[in-house]
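# 3D model of this:
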Amino acid sequence: MMIKQLKEGVLDNNPLLIQLLGICPALAMTTNVSNALGIGIATMVVLLLSNLFISLLRKLIPNEIRIAAYIVIIAGFVSAVEMLIKAYLPELGRSLGIFLPLIVVNCIILGRAETFASKNKVLPSLMDGFAMGFGFTFALIVVASIREIIGAGTWFGVNVLGESYQSVLFFIMPSGAFITLGCLVALMKKLTSFPKKVPKNSIESLESESVTAEKVEEPVEIPAEEEVIVEEIKEEVEVAEKNDN
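So this is what the prediction gives:
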């Protein structure tokens with residue numbers, strides 16, 4: 001179950017590359033891998049905690065005010081994460097800036113709260129939060145790695161392409177973020193659109209079912225003797241109806 005949900009969060013239903021959610025931080029916070037990792041982990045922590053509490057309180061929250069209740073819960077955890085980052089990682093907090101409190105309105109968190117956590121038990125909700133958070137963080141790191149390596153020749157601030165490398169500033173700019181994200185979305189779409197292989201046993205069973213269906217659909221031939229008997233019965237019924245009249 002855990003492996004299936006993790007695969008769904010990273011590949012089959014990735015929040016960023018498949019659902020196209022959380023594009024704002026994906027474009028603004030991927031100029032380097034450090035910022036991408038920071039905003040990704042912060043989002044995953046909020047997603048985990050909000051899924052946990054919403055799943056626990058799902059039977060107590062009135063349906064009419066559920067969205068407002070979800071936002072209040074999410075905002076509480078975002079505020080806690082923001083204060084912890086600013087207290088223990090002030091440099092990261094300054095780098096993330098306004099995008100840290102904007103996690104409150106991230107569609108990934110509210111979407112998983114509405115579609116999954118509010119309808120499932122605690123453990124599956126926690127697993128869903130981790131899978132989706134990990135998938136989002138993974139996508140951010142991939143986008144940031146491409147932009148930082150090509151745009152600055154570094155990765156996590158370490159020079160990986162040598163001093164002679166001429167950096168391509170286009171990839172550090174917002175337009176470079178759009179191009180990088182668009183190419184990754186197209187690549188993911190291509191990878192997930194391959195037809196799945198059908199096992200040989202399944203093909204054989206489908207063929208046997210189709211043959212059986214064809215046999216059932218064939219018209220049943222009535223023997224000539226039975227047709228004569230049916231005609232005689234019809235004539236007797238008609239004569240009886242005339243006598244009654």
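
# and Gly153, what is it in contact with?
By CB atoms under 8 Å, 6 or more residues apart in numbering, the contact list for Gly153 reads Asn159, Val160, Leu161, Gly162, Tyr165, Ser167. (Each C-beta comes from the backbone N, C-alpha and C, glycine too.)

# Could you tell me the per-residue confidence at the closest residue to the fifth one other than its chain neighbours?
Spatially, and ignoring its direct neighbours in sequence, Tyr165 is nearest to Gly153 (4.1 Å; CB to CB, 6 or more residues apart in numbering). We note a pLDDT of 89 for Gly153 in this prediction.

# Kindly provide the distance from Gly153 to Val160.
As judged by CB to CB, to the nearest Å, Gly153 and Val160 stand 7 Å apart.

# Please, where are all the helices along this protein?
Remark: helices assigned in the chain by DSSP state H are 2-7, 23-28, 33-56, 66-88, 90-96, 107-115, 122-152, 174-192, 200-217, 224-244.

# so which of the ones you listed gets nearest Asn13?
Closest to Asn13 of the helices of the chain, according to CB to CB: helix 122-152, at 7.8 Å.

# Just want the angle from that closest one to helix 174-192.
On the basis of axes from the mean of the first three to the mean of the last three CA atoms, to 10 degrees, helix 122-152 is oriented at 130 degrees to helix 174-192.

# ok, Val142 - contacts?
When contacts are counted by CB under 8 Å, 6+ apart, Val142 touches Leu184.

# rerun that using 10 Å as the cut-off
Val142 makes contacts with Leu16, Leu17, Thr30, Val33, Ala36, Thr180, Leu181, Leu184, Met188, as judged by CB atoms under 10 Å, 6 or more residues apart in numbering.

# again, but for Val45
Contact analysis of Val45 by CB under 10 Å, 6+ apart lists Phe77, Val78, Ala80, Val81, Leu84, Ile85, Ile103, Gly129, Gly133.

# ok, and the closest non-adjacent residue to the fourth one?
Of all residues not flanking Val81 in the chain, Ala42 sits nearest, at 5.3 Å (CB to CB, 6+ apart).

# That neighbour and Ile146, how far apart?
Relative to Ile146, Ala42 is positioned 21 Å away (CB to CB).

# Out of the contacts of Val142, which two sit at the greatest distance?
The span of these, defined through CB to CB, is set by Val33 and Met188 at 19.3 Å.

# Between the two, which has more neighbouring residues?
More neighbours surround Val33 than the other of Val33 and Met188, with 23 against 18 (other CB atoms under 10 Å).
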